[in-house]
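Q: attaching a predicted model along with its sequence, questions to come.
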Amino acid sequence: MSGKSDSPDRRTTISIFSNIPETTVTTKTETVPESEIIDEPKIEPKVQPVPEKVGNVPKNKGNAKNMDGKFKFKLNKFHIIIGVLVFSAIAWAIIAMNSESRFRNALTSEVRKGDLTVVVSEVGELVAQDQATISAINDKQILFLAEEGSYVHEGDTVVILESQKYVISSDEANSSVRVAQAEYEKAQNELEAQRAKEEAAKKNYETLPELAKKGFVVESEVEQARLEYLEMQSTTRSLESVVQARQADVDRARSNFRNQVRKLEESYILAPREGVVVYASYGSGAASRKVEVGMVPFEGMDLMYLPDVSTMQVKSELNEVDLDKVRIDQPVEIRLDAFPDTSFTGRVKNIGTLARRKVNPATGKTTGTKVFDLLVQVDGSDVRLKPGLSASINIIVSKQKDVVYIPIESVFTTDKNRKFVYMKEGNDIERRMIETGVSNDLYVEVKNGLEEDDIVLLDIPQE
């Protein structure tokens, strides 16, 4: 304060005891003689306004400019305490927010209780149980194919192969038959003429001995007749051999002609039975293609199939890890990619006995996975069941009633092959050991360790 006052001045002292729960403020008033009052420089202390009430401490009604050093020190200590409390509250809030943020970002799932169906899922292709196979009888270009998917009857033309070669060769074979036949007839005529000469020589030889006895001919003439007859017999036998050779030539020519005619006729391939036309495929992997008009097949190559669509099957594969789960006659649910909203039923018909390497359909190369051939018999018949359609099958291994189960992604394994989950407990995450049972592609049964409505994490929590 500057200047002097006519009335006594009052100095106020405030003591703050910060080491007790309730802050106490003590006010002491003294009367100072006017002669002892001295002028003080005007100082504006940087003191924050005191709140109306802090705890049980009433607002200071004195003048802040009259506070001494002790008052300033205790006021600063008070501010430190308030700052510590505020900082702690903010830190606690940040920790809580981070904890909640962890759960907001983490994928979780409730533990459920109900029926759990255990299935083995595979993919395959529809095939007919019974079908006729039509193959190429030569390596000639395909000129005609019956439309794929069309229904044909026995005797209908389904394939025509290029046949110009066999038209020419059959004509040549027919000419060869005519030539051989002419040679045979010539040889036959010569043989007949020779046989007549032989017969005349024989008669001449047989009559001369009697004439010789009567003296009409000499013995030399008889001997000459005998030699001529023997020569005629030899010539006849030679001509008979020629005739036989010419007959063989005719037979060979006729056989070749019939073969060429057969090949010409086989260029028109007829349906051996009725059925739906399904083109065969050639190549493997991404290079696989269906037979088409204009291509040149190799002899014996499959061109098309005529399946009996009344009995259909799904040809698939079974992974070796599922071999112990699948049995003959287990029920199967079947869905076709072409009709995804419709399901068909069937049963496991056959499981292969030998494992083989799985072939990657995209590359056509074998992989490290071992599989077994699997055949599923489709129940009944349906016009939508066509050979070659892609199918998905679910083999129903078992149905568990009223069991606790969780998503298979939430189960983790220790180094000792023990199963555990990360379970949410309030704002904490607990690692809980569990005992599992059967499982399918989506869920696994929990026999012990969890209860219905518990919350489990689907991934390893972030630290």
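A: Nice, I can see it. Residues are numbered from 1 along each chain as shown.

Q: what stretches of the stretch 51-200 of the chain score poorly on pLDDT?
A: Scanning the stretch 51-200 of the chain for pLDDT under 70 picks out 51-79, 91-105.

Q: quick one: the spatially most central residue of the chain and Ile351, what's the gap?
A: Nearest residue to the geometric centre of the chain (CA atoms, centre = their mean): Val123, 5.9 Å. Distance from Val123 to Ile351, counting by CB to CB, to the nearest Å: 16 Å. In short, each C-beta sits where N, CA and C put it, glycine included.

Q: how about Asp459?
A: 36 Å.

Q: and for Val242?
A: Distance from Val242 to Ile351, counting by CB to CB: 68 Å.

Q: between these two, tell me which one has more neighbours.
A: Val242 (17 against 14; other CB atoms under 10 Å).

Q: phi, psi of that one?
A: phi -60, psi -40 (degrees, to the nearest 10).

Q: one more: Ile269?
A: phi -90, psi 130.

Q: skip the chain neighbours and tell me the closest residue to it.
A: Spatial nearest neighbour of Ile269, excluding adjacent residues (CB to CB, 6 or more residues apart in numbering): Val159 at 3.9 Å.

Q: list the contacts of that neighbour.
A: Val159 makes contact with 134, 142, 144-146, 268-269, 303-304 under the criterion CB atoms under 8 Å, 6 or more residues apart in numbering.

Q: please redo it, this time with the cut-off set to 7 Å
A: 134, 142, 144-145, 269, 303 (CB atoms under 7 Å, 6 or more residues apart in numbering).

Q: please pick the buried ones from those residues.
A: Neighbour-count burial (16 or more other CB atoms under 10 Å) is assigned, among the contacts of Val159, to 134, 142, 145, 269, 303.

Q: which pair in those residues has the greatest spatial separation?
A: Ile134 and Ile142 (11.5 Å; CB to CB).

Q: so Pro307 is in contact with Gly275, correct?
A: Yes - assessed by CB atoms under 7 Å, Pro307 is found in contact with Gly275 at 5.7 Å.

Q: which other helices and strands does the longest helix along the chain contact?
A: In terms of residue count, the longest helix belonging to the chain (DSSP state H) is helix 164-214. If contacts are counted by 3 or more CB pairs under 7 Å, 6 or more residues apart in numbering; DSSP states H and E, helix 164-214 sits against helix 219-266.

Q: for the helix it packs on, packing partners?
A: helix 164-214.

Q: how far does the helix it packs on sit from the chain's center?
A: Relative to the centre of its chain, helix 164-214 is centred 75 Å away, using CA atoms, centre = their mean, to the nearest Å.

Q: could you shift the numbering so residue one becomes 35, and keep it that way?
A: All set: I'll call the first residue 35, so the last point we hit is now helix 198-248.

Q: could you give the angle of it to helix 253-300?
A: With axes from the mean of the first three to the mean of the last three CA atoms, to 10 degrees as the basis, helix 198-248 and helix 253-300 are set at 170 degrees to each other.

Q: circling back to that earlier point, immediately after the host helix or strand of the residue nearest to the centre of the chain, which helix or strand?
A: In this assignment (DSSP states H and E), Val157 forms part of strand 146-162. Later in the chain than strand 146-162, the nearest helix or strand by DSSP H and E is strand 165-169.

Q: and Ile463, bridged to which residues?
A: Bridge pairing for Ile463 (DSSP bridges) gives the partners Lys458.

Q: Arg452 versus that one, what's the distance?
A: Distance, Ile463 to Arg452, using CB to CB: 18 Å.

Q: the two: who's more crowded?
A: Relative neighbour count places Ile463 above the other of Ile463 and Arg452, with 18 against 11, counting by other CB under 10 Å.

Q: hmm, that one is touching Tyr456, no?
A: Yes - Ile463 is within contact range of Tyr456, at 5.5 Å (criterion: CB under 7 Å).

Q: between these two, which contacts overlap?
A: Joint contacts of Ile463 and Tyr456 (CB under 7 Å, 6+ apart) are 491, 495.

Q: quick one, phi/psi of Asp487?
A: phi 80, psi 0.

Q: apologies, that question was intended for Ala425.
A: phi -130, psi 150.

Q: show me the contacts for it.
A: So Ala425 contacts 157-160, 348, 368-370 (CB under 7 Å, 6+ apart).

Q: in the sheet, who's paired with it?
A: In this entry, Ala425 is beta-bridged to Gly158, Leu370, by DSSP bridges.

Q: so what pLDDT did it get?
A: Among the per-residue scores, Ala425 shows a pLDDT of 95.

Q: try Ser432
A: 89.

Q: cool, and the one 10 residues further on?
A: The predicted structure scores Ile442 at 93 on the pLDDT scale.

Q: and the gap between it and Glu182?
A: Taking CB to CB, one finds Ile442 at 42 Å from Glu182.

Q: identify the residues contacting Thr269.
A: Per CB under 7 Å, 6+ apart, neighbours of Thr269: Gln228.

Q: kindly report the same for the one 5 residues further on.
A: Each residue near Glu274 by CB under 7 Å, 6+ apart is listed here: Leu225.

Q: now do the nearest residue to Val330 once chain neighbours are set aside: how many residues are near it, please.
A: Spatially, and ignoring its direct neighbours in sequence, Val330 is nearest to Gln175 (5.0 Å; CB to CB, 6+ apart). Gln175 has 15 neighbouring residues, counting by other CB under 10 Å.

Q: give me the phi and psi for Gln175.
A: Gln175 adopts backbone torsions of phi -60, psi 140, taken as degrees, to the nearest 10.

Q: so where's the stretch 235-384 of the chain uncertain?
A: Looking at the stretch 235-384 of the chain by pLDDT under 70, you get 246, 249, 319-320.

Q: picking up where we left off before, neighbour-wise, which one of the contacts of Ala425 leads?
A: Neighbour tally across the contacts of Ala425 (other CB under 10 Å): the maximum, 28 neighbours, falls on Val348.

Q: and Pro421, which of the three is it?
A: Recorded secondary structure, Pro421: coil (DSSP: H, G, I helix; E, B strand; the rest coil).

Q: quick check on it: phi, psi?
A: phi -60, psi 140.

Q: quick check: it touching Leu340?
A: No - using CB under 7 Å, Pro421 makes no contact with Leu340, being 9.9 Å away.

Q: who's more crowded, those two?
A: Taking other CB under 10 Å, Pro421 and Leu340 do not tie; Leu340 has more neighbours (25 against 22).

Q: what about Arg452, distance to Glu459?
A: For Arg452, the distance to Glu459 - CB to CB - is 20 Å.
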